[in-house]
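[1] okay, predicted coordinates and the sequence, questions at the end:
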Amino acid sequence: MPNPDPAATAQAIAAQDKTAIANALNFVEDKRPEARAWVVSLLEALDKNKKTKVAHRIGFTGPPGVGKSSLLAALCKEWRAQKNTVGIIAVDPSSVFSGGSLLGDRVRMGLDPKDQGLFLRSVATAGQLGGVHETVFTSLRVLEAAYDIVAVETTGVGQNETEVSNIADTIALVVQPGSGDALQFLKAGIMEIPHVLVVNKSDFKDTATRSRAELETALARAQSSGLEQQDQSWKIPILSTSATQGDGVADLVAALDQHRVHIAPQLAELRSEREARYCLQMFRNEHGRSGLQKLGGEIALREKIKQALDAGGNALSIVQNFGAEFLKLQ
Ligand SMILES: Nc1nc2c(ncn2[C@@H]2O[C@H](COP(=O)(O)OP(=O)(O)O)[C@@H](O)[C@H]2O)c(=O)[nH]1
Ligand SMILES: [Mg+2]
């Protein structure tokens, strides 16, 4: 079967055609060179008919089992009630969105599988987080051509958070009561990354209150001991939610929205900065330190990437082009 026409696919995506969107995501996840070339054409076509409304890119991260998927399902209901359309990618093999019980899960979570304004996709990690994240950003680019809010769920601590911070405008870190997660996060030095902290399972009343207090202390201590917070003018809120009972979900929606409004004046700048970091990281994943050195070192390459981005190039083709340049020098 011939590949679909990228321009026609771009239009179908903008019209929220779920078959076209799913198809495009299949191409994005396909590592073969011809698939990549098709995706580059698609991204160019998507860039040509940009929406006037810029989508909010949100990352949800945290250990497995804390309720990220459940929380996203609850958020979806709230967002849809507010007439926002939503596209979600869960990078998590155990996600409630995944597997054969997909439909059943959605119904159980109270999400309408026929809802035109809601798209859920899960990506199996297969132990290859770095690899998955390479495609997630491109997948988000596809989804944001169709929807108002695009969210990605990732599991884990450390590396994943750093990676997701190159992709999303707003990062929510989700923890659960009684696990001591908050303190671990501080030790791992990743407290600088999230913009919103969520203690889910607030229905575990006492431990939830204790965890929240623990998190508040930990955050205050980290901030006073000079731990870098990327954006000093943003006060990181700590929210308690119960995904299963719906408590605090509206407040979380409001907090995420407040962060979107807060960053709006610098959004273009923040995104281009992050996109350059993301390109650099993809290049490093593929070609290692020797690749970086061959192309003049990290700082020089980042500058070249920025120029290519400013000239309107998309991340995928930029990384490909520098990859080709490096291979020629081999
Ligand atoms: N009691 C309670 N259980 C929850 C809550 N949120 C999620 N769970 C349960 O926690 C388990 C893991 O949830 P899931 O959303 O898959 O977590 P994820 O791995 O972070 O995506 C499931 O059994 C959920 O039903 C909550 O707010 N309260
Ligand atoms: Mg999950």
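    Arrived safely, thanks for sending. Ligands and ions are numbered 1, 2, ... in the order given.
[2] give me the beta-bridge partners of the residue in the stretch 101-250 of the chain that ligand 2 sits nearest to?
    For the stretch 101-250 of the chain and ligand 2, the shortest gap (C-beta to the ion) falls at Glu153, measuring 5.6 Å. C-beta here means a position set from N, CA and C on the backbone, and glycine is covered the same way. For Glu153, the beta-bridge partners under DSSP bridges are Phe60, Ala90.
[3] ok, it - contacts?
    60-61, 68-69, 72, 88-92, 95 (C-beta atoms under 8 Å, 6 or more residues apart in numbering).
[4] for Asp148, phi and psi?
    For Asp148, the backbone dihedrals (degrees, to the nearest 10) come out as phi -80, psi -40.
[5] I'd like to know how many residues surround the closest residue to it other than its chain neighbours.
    Counting by C-beta to C-beta, 6 or more residues apart in numbering, Asp148 lies nearest to Asn84, which is 4.4 Å off, once chain neighbours are set aside. By the criterion of other C-beta atoms under 10 Å, Asn84 has 18 neighbours.
[6] swap in Gly323?
    The number of residues near Gly323, taken as other C-beta under 10 Å, comes to 16.
[7] my guess is it contacts His287. True?
    Yes: shown here, Gly323 and His287 form a contact pair, counting by C-beta atoms under 8 Å, at 6.3 Å.
[8] okay, helices next: where are they in the protein?
    Ranges of helices within the chain are 6-14, 18-29, 33-48, 68-81, 102-108, 129-144, 159-165, 181-187, 205-224, 249-263, 267-294, 298-310, 315-329, based on DSSP state H.
[9] wait, which of those helices is closest to Ala172?
    Between Ala172 and the helices of the chain, the shortest separation by C-beta to C-beta is 6.8 Å, and it involves helix 249-263.
[10] mean confidence for that closest one?
    Here helix 249-263 scores 97 as its mean pLDDT.
[11] before we move on, what about stretch 148-165?
    Per-residue pLDDT over stretch 148-165 has a mean of 76.
[12] got phi/psi on the nearest residue to Phe204 once chain neighbours are set aside?
    With sequence-adjacent residues excluded and distances taken as C-beta to C-beta, 6+ apart, Phe204 is closest to Pro177, at 4.8 Å. Dihedral pair for Pro177: phi -60, psi 150, per degrees, to the nearest 10.
[13] tally of neighbours for Pro177?
    Count around Pro177 with other C-beta under 10 Å applied: 22.
[14] right, and it touches Asp203 too?
    No: Pro177 lies out of contact with Asp203 (C-beta under 8 Å); the separation is 9.3 Å.
[15] OK, contacts around Leu280?
    298, 301-302, 305.
[16] any idea how far stretch 14-28 is from the chain center?
    Between the mean C-alpha location of stretch 14-28 and the chain-wide mean there is a distance of 18 Å, by C-alpha atoms, centre = their mean, to the nearest Å.
[17] avg pLDDT for it?
    The pLDDT scores in stretch 14-28 average 95.
[18] in it, what's buried?
    By neighbour count with 16 or more other C-beta atoms under 10 Å, stretch 14-28 contains the buried residues 14, 16-17, 20-21, 23-25, 27-28.
[19] hey, C-alpha coordinates of it in CSV?
    Extracted C-alpha coordinates of stretch 14-28, given in CSV (Å, rounded to 0.1, in the frame of the first residue of the first chain):
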residue,chain,number,x,y,z
ALA,A,14,-6.4,19.0,12.1
ALA,A,15,-10.0,17.7,11.6
GLN,A,16,-9.5,15.3,14.5
ASP,A,17,-9.8,12.2,12.2
LYS,A,18,-8.7,9.5,14.7
THR,A,19,-7.8,7.0,12.0
ALA,A,20,-5.5,9.5,10.4
ILE,A,21,-4.0,10.4,13.8
ALA,A,22,-3.4,6.7,14.8
ASN,A,23,-1.9,6.1,11.3
ALA,A,24,0.5,9.0,11.7
LEU,A,25,1.5,7.8,15.1
ASN,A,26,2.3,4.4,13.6
PHE,A,27,4.7,6.1,11.2
VAL,A,28,6.2,8.2,14.0
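[20] identify the residues contacting it?
    3-4, 9, 12-13, 35, 38-39, 42, 49, 51, 85, 87, 116-117, 119, 121, 135, 138-139, 142-143, 145-147.
[21] which non-adjacent residue is nearest the residue in the chain that ligand 1 sits nearest to?
    Closest contact between the chain and ligand 1, by C-beta to the nearest ligand atom, is at Gly67 (2.9 Å). Nearest residue to Gly67 in three dimensions, chain neighbours excluded: Asn200, at 4.2 Å (C-beta to C-beta, 6+ apart).
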